[in-house]
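1. Sequence below, structure please.
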Amino acid sequence: MSETLQIVLCLSCAGLISGLTGFAFALVASGTLLSIRAPIEATALVLTCSILSQVLSVMRLRTLPPRATALAMIGPGLLGAPIGIHLLKDLNPEVVKVLIGIFLILYSAVVARLRSDYRISFGNAWSDGAVGFLGGILGGIAGLSGALPTAWSLVRGWEPRMQRAVYQSFTLVLQVWSLAILALFNPFPPELMADLALGLPIVLVSVLAGLSLFSRIDQRRFRSVVLALLAAIGFTTTALALPGLLR
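-> Numbers count the residues shown, from 1 in each chain. Below you'll find the model as predicted:
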């Protein structure tokens with residue numbers, strides 16, 4: 001299969017899933033792109049396309065997160081990201097990925113058994129901030145900044161549009177922050193422009209298709225789709241990290 005076709009299929013799938021659920025673009029796209037592009041180019045391409053995906057979704061849904069909740073999560077998340085990068089020196093990222101993968105699998109299994117309108121009793125600015133901080137750290141260690149905020153939003157009692165507004169605003173800011181850091185310390189290769197010219201229109205169309213599907217599902221089905229995707233990410237993250245951990 002040609003590299004161009006791989007990029008088209010990869011970004012199409014990532015954009016469709018991101019448009020439908022509001023997350024997982026980077027997780028879906030990174031594996032393929034890192035196998036056919038240099039790390040800096042692949043990361044810059046994923047981040048840029050994912051940022052476009054988040055911006056499109058936020059604009060199309062026209063739902064803003066509560067300001068207090070957004071600030072409570074994003075501020076600690078921005079602080080947590082460089083801490084996660086620093087911890088890479090002392091932690092084995094494969095261990096972290098396996099632990100997070102197992103957590104997502106167990107979390108999805110437990111929450112799937114709860115009522116669809118279940119709401120935790122300790123949701124407040126402090127707990128939102130803790131989730132944002134941990135999300136930032138995990139983003140710095142393993143690129144999983146959106147996993148915890150997404151999982152947390154499912155049990156905060158918000159309807160699907162508000163859930164997406166919260167965790168997508170968090171992911172958007174963290175990804176812009178990551179792209180800025182990447183650009184500051186690593187000049188982008190000129191080949192990136194050609195990939196962006198190919199990829200951005202594909203992301204635009206596929207995200208809009210995913211958003212169209214989102215408008216057709218109810219809260220129960222949205223919850224089921226997100227839980228299934230979180231479980232799939234947990235299995236995939238664990239499976240990819242285990243070989244390196246065992247070595």
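2. nearest spatial neighbour of residue 82, skipping sequence neighbours?
-> In space, and not counting its chain neighbours, residue 82 is closest to residue 140: 6.4 Å by C-beta to C-beta, 6 or more residues apart in numbering. Using the backbone N, CA and C atoms, a C-beta is placed for each residue, glycine as well.
3. what helix or strand does that neighbour sit in?
-> Element membership for residue 140 (DSSP states H and E) is helix 125-142.
4. Run the angle between the worst-scoring helix or strand of the chain on mean pLDDT and helix 125-142 for me.
-> In the chain, no helix or strand scores lower on mean pLDDT, DSSP states H and E than helix 25-36, which sits at a mean of 82. Interaxial angle, helix 25-36 versus helix 125-142 (axes from the mean of the first three to the mean of the last three C-alpha atoms, to 10 degrees): 10 degrees.
5. so what secondary structure elements neighbour the top helix by length along the chain?
-> In the chain, taking DSSP state H as the definition, the longest helix is helix 219-246. The contact analysis (3 or more C-beta pairs under 8 Å, 6 or more residues apart in numbering; DSSP states H and E) places helix 219-246 against helix 3-21, helix 25-36, helix 93-112, helix 147-154, helix 160-185.
6. Tell me which of these lies nearest to residue 64.
-> helix 160-185 (5.9 Å; C-beta to C-beta).
7. What helices and strands are in contact with that closest one?
-> helix 39-61, helix 67-87, helix 125-142, helix 147-154, helix 219-246.
8. tilt between it and helix 219-246?
-> 30 degrees.
9. And the next helix or strand past helix 160-185?
-> Downstream of helix 160-185, the first helix or strand assigned by DSSP H and E is helix 191-214.
10. tell me the SS of residue 123?
-> What DSSP: H, G, I helix; E, B strand; the rest coil gives for residue 123 is coil.
11. tell me the contacts of the closest residue to residue 98 other than its chain neighbours?
-> Closest residue in space to residue 98, ignoring its immediate chain neighbours: residue 241 at 4.9 Å, by C-beta to C-beta, 6+ apart. Residues counted as contacts of residue 241 (C-beta atoms under 8 Å, 6 or more residues apart in numbering) are 93-95, 97-98, 101.
12. residues near residue 232, how many?
-> Residue 232 is flanked by 17 other residues according to other C-beta atoms under 10 Å.
13. what sits against the residue nearest to residue 82?
-> Contacts of residue 140 (C-beta under 8 Å, 6+ apart): 80-88.
14. Quick check on those: which are buried?
-> Among those, those scoring as buried are 80-81, 84-85 (criterion: 16 or more other C-beta atoms under 10 Å).
15. Would you point out the most distant pair within those?
-> Spatially, the most separated pair among these is 80 and 85, at 9.8 Å (C-beta to C-beta).
16. from the contacts of residue 241, which is closest to residue 52?
-> residue 97 (26.2 Å).
17. returning to what we had before: can you lay out the contacts of residue 140 as JSON lines showing pLDDT and distance to residue 220?
-> Formatted as JSON lines, the contacts of residue 140 follow (pLDDT from 0 to 100; distance: C-beta to C-beta, whole Å):
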{"residue": "80", "pLDDT": "90", "distance to residue 220": "32"}
{"residue": "81", "pLDDT": "87", "distance to residue 220": "34"}
{"residue": "82", "pLDDT": "86", "distance to residue 220": "39"}
{"residue": "83", "pLDDT": "87", "distance to residue 220": "37"}
{"residue": "84", "pLDDT": "81", "distance to residue 220": "34"}
{"residue": "85", "pLDDT": "76", "distance to residue 220": "38"}
{"residue": "86", "pLDDT": "79", "distance to residue 220": "41"}
{"residue": "87", "pLDDT": "79", "distance to residue 220": "38"}
{"residue": "88", "pLDDT": "67", "distance to residue 220": "39"}
